[in-house]
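Visitor: What shape does this take:
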Amino acid sequence: MQKFVVDNGNDSDTVNAWYRHCQKEQIPYIIIEKRKKFSTVRWDYISFPSEKDKDIGENQDKYNEDLKAIFKKYCNSKSRYEISGGLVDFFDIEVSKANAMAEELYDIAVKISS
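Guide: Residues are numbered from 1 along each chain as shown. Modelled structure (predicted):
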């Protein structure tokens, strides 16, 4: 099962199609924004209906340590993260590690959104 898409910055059709798929299937919207050496790995709860906002916010608090553990597993000295109400951004992740990180982020986002 596909858990994310990679955005190379030049294929908005793929990213938009992935968003529509996530929205239709009610699955986490995970994207990797890939650059030459580093990527941003992102989860945005936007693919879920607004009725789930409160639950996602409450559940995300329960999984903050798991999210931070994923970050620590894949980060480097340049990396940083932002975690807030239904949004998770891991910045400056080495391209070679971004896919594995996105897979793990998806699995946690499923728990948060259920």
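
Visitor: so which helix or strand takes in residue 78?
Guide: Using DSSP states H and E, residue 78 falls within no helix or strand.

Visitor: I'd say it and residue 37 touch.
Guide: No: counting by Cβ atoms under 8 Å, residue 78 does not reach residue 37; the two are 9.4 Å apart. Placement of C-beta: from N, CA and C, glycine included.

Visitor: Just confirm residue 30 contacts residue 42, I think it does.
Guide: Yes: counting by Cβ under 8 Å, residue 30 touches residue 42, with 7.0 Å between them.

Visitor: The two: who's more crowded?
Guide: For the pair residue 30 and residue 42, the greater number of neighbours falls to residue 30 (23 against 20), based on other Cβ atoms under 10 Å.

Visitor: ok, and the helix or strand in the chain with the lowest average confidence?
Guide: Lowest by mean pLDDT, DSSP states H and E among the helices and strands of the chain is helix 53-62, with a mean of 80.

Visitor: residues in contact with residue 21?
Guide: Neighbouring residues of residue 21 by Cβ atoms under 8 Å, 6 or more residues apart in numbering: residue 27.

Visitor: so which strand or helix has it?
Guide: Using DSSP H and E, residue 21 falls in helix 12-25.

Visitor: which residue sits closest to residue 14 in space, ignoring its chain neighbours?
Guide: residue 5 (5.8 Å; Cβ to Cβ, 6 or more residues apart in numbering).

Visitor: That neighbour contacts residue 16, correct?
Guide: No: assessed by Cβ under 8 Å, residue 5 is found out of contact with residue 16, at 10.0 Å.

Visitor: the more surrounded of those two?
Guide: residue 5 (20 against 11).

Visitor: tell me the pLDDT at that one?
Guide: With respect to pLDDT, residue 5 scores 97.

Visitor: same deal with the one 10 residues further on?
Guide: Predicted confidence (pLDDT) for residue 15: 95.

Visitor: if I read this right, it contacts residue 7, doesn't it?
Guide: Yes: taking contacts as Cβ under 8 Å, residue 15 lies within contact range of residue 7: 5.1 Å.

Visitor: Show me the common contact partners of the two, please.
Guide: residue 31.
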